[in-house]
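Enquirer: any chance you could fold what I've pasted below:
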Amino acid sequence: MSVRLTPKEIDCLFLAGRRLSDAEIAQRLDLSPRTVSNHLSRAYAKLGVHDRIRAAARLSNLYPEYPLPIGFDAPDGPSSVASAQRSAAGGWGLAKAFAALPPPPSRVMRLVLILAVASSVAFVFAGVTVIMSVSTDRVAEFAPRKAR
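Expert: Next comes the predicted model:
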């Protein structure tokens, strides 16, 4: 089956696959949101899908130069793996390195980590301040007095 998408349909699907809204796609492509919606609807009909995620996965299969983002979970399963292998095989050494990284922590975990680091820094700063204060007092106590 030969699917012929227009360049604007391809651009809209590519950006939709990166989870951008119609308004964001319209802003990037200098179109109206209604025009973006029309391009996407026509592309869905041509590809035989009903949502942007499946359409982006089909776009990636039909047009290898438009790979899915790293870590993209397509609902079709094996097609996303094949697409990821194609994009990684394209000589993108950095993409392979980033693909090997674990997923980022959740928002709650990031908040906990930020608070832990901030409290550790505050504790160290308070400790240094106390040490400086005590040492200044000791120096003043044991320093020789000026002779009068």
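Enquirer: please tell me how far stretch 108-125 is from the chain's geometric centre.
Expert: Between the centre of stretch 108-125 and the centre of its chain there are 23 Å (Cα atoms, centre = their mean, to the nearest Å).
Enquirer: identify the residues contacting that stretch?
Expert: The contact list for stretch 108-125 (Cβ atoms under 8 Å, 6 or more residues apart in numbering) reads 104-105. C-beta coordinates here come from the backbone N, C-alpha and C atoms, glycine included.
Enquirer: so L59 sits right up against G17, yeah?
Expert: Yes: here L59 reaches G17: they are 6.6 Å apart, a contact under Cβ atoms under 8 Å.
Enquirer: who has more neighbours, those two?
Expert: Neighbours were tallied for L59 and for G17 using other Cβ atoms under 10 Å; the higher tally belongs to L59 (26 against 23).
Enquirer: what about the residue nearest to that one when sequence neighbours are not counted, distance to A143?
Expert: Leaving aside its sequence neighbours, L59 sits nearest to L13 (Cβ to Cβ, 6 or more residues apart in numbering; 4.6 Å). With distances taken as Cβ to Cβ, to the nearest Å, L13 is found 77 Å from A143.
Enquirer: who has more neighbours, those two?
Expert: Per other Cβ under 10 Å, whichever of L13 and A143 has more neighbours is L13, with 27 against 8.
Enquirer: how is the chain carved up into domains?
Expert: Annotated domains of the chain cover 7-99, 104-148 [automatic domain parsing].
Enquirer: can you lay out these as CSV showing mean pLDDT?
Expert: Below are the domains of the chain laid out as CSV (pLDDT from 0 to 100):
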stretch, mean pLDDT
domain 7-99, 77
domain 104-148, 88
